[in-house]
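> Compute the structure for the input listed below.
(one chain, ligands or ions: 1)
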Amino acid sequence: MIKTLLATAAVVTLSTAAQAQTIGFSQIGSESGWRAAETTLTRQQAEERGITLQFSDAQQRQENQIAAIRSFIAQGVDAILLAPVVATGWDSVLEEAKEAEIPVVLLDRQVDSSEDLYLTAVGSDLVHEGEVAGQWLVDTVGEDECRVVELQGTTGSSPAIDRKTGFENAIEGHDNIEIVRSQTGDFTRTGGKEVMESFLQAEGGGENICALYAHNDDMAIGAIQAMKEAGVNPGEDVLVVSIDAVPDIFQAMANGDANATVELTPNMAGPAFDALEAYMADGTEPEKFIQTESKLYTQDDNPEAEYEARKDLGY
Ligand code: AHR
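Numbers count the residues shown, from 1 in each chain. This is a model prediction of the structure:
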């Protein structure tokens, strides 16, 4: 009798474990090469783990993300991944997910809601990324006067806020370095190009600019194009430092058009699925923040090889 009960329990446990989970993923959109890679890797990771991924592209709109989360709740998904476009305005929908007992994992960006409304957040230290970029500039220009133009990410997003703060922290006390213009390029290449064109016009055709700090590589790549069209030599006349480490920025570095980038891994889903798996298996609570690395790459780090290593990874 006991043997039969144990055998039945084992079958039930195995079949539950083997059952594919359904996870909803509310993605911001496809504004950058980095985000395309994050989407590709999330789909791959889900497939490898036998997870059914319900994917929703919010096209950069928070209201679309909120609607997607409500639809995931109505479907009764097992968990939700959320890459939040902006930091504010999530309380109600996260409370709804909590009431429905659906764990939410934040990917790559932060929210200003109470920590008990989500299971964990996977991402980098966004302030630190800005500090790494700023420190590179401090070390590179030394005592020289340097007028910096800044391309900010999406207004109200945590990377735009924190990468700005981090860069400002790094240049603080270095009076020779000054941010003279700062505007959003919305994390897109076209945004970066358009805003850089206006910076160039306002700054003597680029004569008065020593460096560009872009909150992501895509905006830097757009800005590089704007500089070339204006007869300015990016990477030499204007130093270029940005964040993400997408393949195209390594190509730009190999050509001498960009100088440095800070890596943000697009594999946020791997640690997120690991945390969810442990939580669902036996209730293991993950750390509230699962931090990924922020490595600096410069032209000395064999950019050709870095490009080759990344070019087929879904960017
Ligand atoms: O939240 C991460 C940022 O969002 C990436 O740096 C940027 O490329 C993306 O759009």
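> alpha carbons only for contacts and neighbour counts from here, please
Fine.
> got the residue ranges for the strands in this protein?
22-27, 52-57, 79-82, 104-107, 120-123, 146-152, 177-184, 211-214, 239-244, 260-263, 289-291, 296-298 (DSSP state E).
> Spell out which residues of the stretch 201-315 of the chain are next to the ligand.
Residues of the stretch 201-315 of the chain found near the ligand (CA under 6 Å from any ligand atom) are 216, 244.
> residue ranges with poor pLDDT in the stretch 201-315 of the chain?
Within the stretch 201-315 of the chain, not a single segment meets pLDDT under 70.
> all helices for it, in order.
217-229, 247-254, 269-282, 303-310 (DSSP state H, counting those that start in this stretch).
> quick one: which of the ones you listed is nearest residue 140?
Distance to residue 140, taken as CA to CA, is lowest for helix 247-254 among those, at 15.5 Å.
> just checking, what packs against that closest one?
helix 217-229, helix 303-310 (3 or more CA pairs under 8 Å, 6 or more residues apart in numbering; DSSP states H and E).
> can I get the ones you listed in a markdown table with distance to residue 118?
Formatted as a markdown table, the helices and strands packed on helix 247-254 follow (distance: least, CA to CA, whole Å):
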| stretch | distance to residue 118 |
| --- | --- |
| helix 217-229 | 29 |
| helix 303-310 | 32 |
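> Burial check on residue 312, number of neighbours?
10 (other CA atoms under 10 Å).
> Residue 217 too?
Neighbours of residue 217 using other CA under 10 Å come to 33.
> my guess is it contacts residue 251, does it?
No: if you go by CA atoms under 8 Å, residue 217 and residue 251 don't touch, sitting 11.4 Å apart.
> could the helices of the stretch 201-315 of the chain be laid out in TSV, adding distance to residue 130?
Shown next, in TSV, are the helices of the stretch 201-315 of the chain (distance: least, CA to CA, whole Å):
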stretch	distance to residue 130
helix 217-229	13
helix 247-254	17
helix 269-282	23
helix 303-310	21
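> Residue 43 is nearest to which of the ones you listed?
helix 269-282 (8.7 Å).
> ok, and the closest non-adjacent residue to residue 304?
residue 254 (5.8 Å; CA to CA, 6 or more residues apart in numbering).
> mind listing what that neighbour touches?
With contacts taken as CA atoms under 8 Å, 6 or more residues apart in numbering, residue 254 has the following neighbours: 299, 302, 303, 304.
> picking up where we left off before, can you tell me which of the helices and strands packed on helix 247-254 is most buried?
Greatest average neighbour count among the helices and strands packed on helix 247-254 goes to helix 217-229 (a mean of 25), per mean count of other CA atoms under 10 Å.
> Low-confidence bits of the stretch 1-150 of the chain, can you list those?
Residues of the stretch 1-150 of the chain that meet the cut-off, pLDDT under 70, sit at 1-20.
> what residues does it put near the ligand?
31, 32, 34, 35, 108, 109.
> Counting only helices, which of those residues make the cut?
Using DSSP state H, the subset of those located in helices is 34, 35.
> Just the closest of the residues of the stretch 1-150 of the chain next to the ligand to residue 312, please.
Nearest to residue 312 among those, with distances taken as CA to CA, is residue 34, at 12.7 Å.
> Give me the neighbour count for the closest one.
There are 24 residues near residue 34, going by other CA under 10 Å.
> wait, it sits on residue 246?
Yes: shown here, residue 34 and residue 246 form a contact pair, counting by CA under 8 Å, at 6.2 Å.
> Need the overlap of contacts for those two.
Applying CA under 8 Å, 6+ apart, one finds that residue 34 and residue 246 are jointly contacted by residue 315.
> so how far is residue 22 from residue 41?
Going from residue 41 to residue 22 by CA to CA, to the nearest Å gives 17 Å.
> Okay, domains of this protein per the record?
The chain is divided into the following domains under automatic domain parsing: 2-122+266-284, 126-264+300-307.
> now those in CSV, with distance to residue 294?
Output for the domains of the chain, formatted as CSV (distance: least, CA to CA, whole Å):
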stretch, distance to residue 294
domain 2-122+266-284, 12
domain 126-264+300-307, 5
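> so of those, which one's packed in deepest?
Buried most deeply of the domains of the chain, by mean count of other CA under 10 Å, is domain 126-264+300-307, with a mean of 21.
> and that domain, how far apart are its ends?
So domain 126-264+300-307: terminal residues 23 Å apart, CA to CA.
> most centrally placed residue in the chain?
residue 108 (4.7 Å; CA atoms, centre = their mean).
> so it touches residue 124, yeah?
Yes: Residue 108 lies in contact with residue 124 (CA under 8 Å); the separation is 6.9 Å.
> who touches residue 310 in this structure?
Taking CA under 8 Å, 6+ apart as the test, what residue 310 contacts is 246, 247.
> State the distance from it to residue 303.
Distance from residue 310 to residue 303, by CA to CA: 11 Å.
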